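Student: next comes the sequence, and after it the predicted model I'd like to discuss.
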Amino acid sequence: MHRSEDKSSTDWSFSIEIGTATRTKFIATIGGIPAGIISDRYVCLQPAGDANAEQCKWLKYEASPLRERHMAHRWQAGIGNCPGCNERGIENFLLKLDPRQWLDGLNSTTEAVTCALEIALIIVTILATVLICTKCIIPLARCTISLSKPPKK
């Protein structure tokens, strides 16, 4: 892209690969035109490897605003059909303490197996924490404390 036909100053250059098929008309969208280009420009097209086959033409500058994209909101605020479902109170807390209620809602064997695996993972984590504390951290702390005290004579 040049400001004049003498091609003394180049504003911008780019390349487009059209392919081997001969076309009488093609449309290409070039993004990122510099903000300084706000008027008609002298545009030259040149096939790759053949500088003598260059064709130049004045192109009219036309600016159009980008289309606005409107996306639907994924979350919609509203009142559900379950009044009191999310309320927490003493009654709800006492209901959850009943062991008979703990397994309510497990409707399939997959859910039961998943629940059992989660409980086993929690138990293993608690046991590993207790083991690390009793076998590593507490003895190390005792050793550190006993080394810091001077021996009794």
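Tutor: Looks like it came in fine.
Student: outside of the worst-scoring helix or strand of the chain on mean pLDDT, which residues touch it?
Tutor: Within the chain, no helix or strand scores below helix 90-96, which has a mean of 74 by mean pLDDT, DSSP states H and E. The contact list for helix 90-96 (C-beta atoms under 8 Å, 6 or more residues apart in numbering) reads Gln101, Trp102. Every C-beta, even on glycine, is put in place using the N, C-alpha and C of the backbone.
Student: change it to 7 Å
Tutor: For helix 90-96, contacts defined as C-beta atoms under 7 Å, 6 or more residues apart in numbering pick out Gln101.
Student: next one: stretch 98-118
Tutor: Outside stretch 98-118, the residues that reach it (C-beta under 7 Å, 6+ apart) are Leu95.
Student: one more pass at 8 Å, please.
Tutor: Residues contacting stretch 98-118 (C-beta under 8 Å, 6+ apart): Leu95, Lys96.
Student: shouldn't Cys56 be within a strand?
Tutor: Yes. The assignment for Cys56 is a strand, going by DSSP: H, G, I helix; E, B strand; the rest coil.
Student: so it touches Arg41, yeah?
Tutor: No. Counting by C-beta atoms under 8 Å, Cys56 does not reach Arg41; the two are 10.4 Å apart.
Student: have a look at these two and say which one is more surrounded.
Tutor: Using other C-beta atoms under 10 Å as the criterion, Cys56 and Arg41 rank with Arg41 on top: 19 against 13.
Student: I'm done for today, thanks for sticking with me.
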